[in-house]
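Engineer: quick one, what's the 3D model for this:
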Amino acid sequence: MSSPPAAPQPSKRIDLEVKDARLIFEPVWEALVTQHQVTGKPAHDARLAAAMQAHGLTAILTFDKSGFSRYPGLEVVHPENVKA
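Structural biologist: A predicted model of the protein is given here:
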């Protein structure tokens, strides 16, 4: 049996998080909150939508359909609509 892969070194992990933050927040998140006039608590949903856009994800499974329906190109799937 082979051993599991080693966890990333802390410095590499921080570097990946910084690169990811730049990828998401500078071009995508800022545009979303500006375009959709997002303020306050819904800014957290905008952060998820921005991360999804930045990584090419097009659907989210959530109970909060209204919070994500403002973002075009994002399919919002309620858990009740998922077939077992």
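Engineer: surely residue 42 touches residue 67?
Structural biologist: Yes: at 6.3 Å, residue 42 and residue 67 qualify as touching, with contact defined as C-beta atoms under 8 Å. The C-beta positions use only the backbone N, C-alpha and C, and glycine is treated the same way.
Engineer: report the helix or strand with the lowest average pLDDT across this protein.
Structural biologist: Sorting the helices and strands of the chain by mean pLDDT, DSSP states H and E puts helix 10-24 at the bottom, at a mean of 59.
Engineer: next secondary structure after it?
Structural biologist: helix 30-35 (DSSP states H and E).
Engineer: any chance you could list what contacts that following helix?
Structural biologist: 38-39, 43, 46, 49-50, 53, 71 (C-beta atoms under 8 Å, 6 or more residues apart in numbering).
Engineer: so where's this structure uncertain?
Structural biologist: 1-20, 23, 26, 84 (pLDDT under 70).
Engineer: one more pass at 50, please.
Structural biologist: Along the chain, the model assigns pLDDT under 50 to residues 14, 16.
Engineer: quickly find the element holding residue 67.
Structural biologist: helix 65-68.
Engineer: toward the C-terminus, what is the element adjacent to that helix?
Structural biologist: The helix or strand immediately downstream of helix 65-68 is strand 75-77, counting by DSSP H and E.
Engineer: so what does the helix or strand hosting residue 50 touch, helix or strand wise?
Structural biologist: Assigned by DSSP H and E, residue 50 belongs to helix 43-54. The contact analysis (3 or more C-beta pairs under 8 Å, 6 or more residues apart in numbering; DSSP states H and E) places helix 43-54 against helix 10-24, helix 30-35, strand 59-61, helix 65-68.
Engineer: isn't residue 61 right up against residue 82?
Structural biologist: Yes: using C-beta under 8 Å, residue 61 is in contact with residue 82, at 6.9 Å.
Engineer: with only the CA atoms kept, save stretch 42-61 in CSV.
Structural biologist: Extracted in CSV, the C-alpha atoms of stretch 42-61 (Å, rounded to 0.1, in the frame of the first residue of the first chain):
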residue,chain,number,x,y,z
PRO,A,42,-25.7,39.0,0.6
ALA,A,43,-22.0,39.8,-0.1
HIS,A,44,-21.2,36.4,1.3
ASP,A,45,-23.4,34.8,-1.4
ALA,A,46,-21.6,37.0,-4.0
ARG,A,47,-18.3,35.7,-2.7
LEU,A,48,-19.4,32.1,-3.4
ALA,A,49,-20.8,33.1,-6.8
ALA,A,50,-17.5,34.8,-7.6
ALA,A,51,-15.5,31.7,-6.6
MET,A,52,-17.7,29.5,-8.7
GLN,A,53,-17.3,31.8,-11.7
ALA,A,54,-13.6,31.9,-11.3
HIS,A,55,-13.4,28.1,-11.2
GLY,A,56,-15.9,27.4,-14.0
LEU,A,57,-18.7,26.0,-11.8
THR,A,58,-22.2,26.6,-13.0
ALA,A,59,-24.5,25.1,-10.4
ILE,A,60,-25.0,25.4,-6.7
LEU,A,61,-27.0,23.1,-4.4
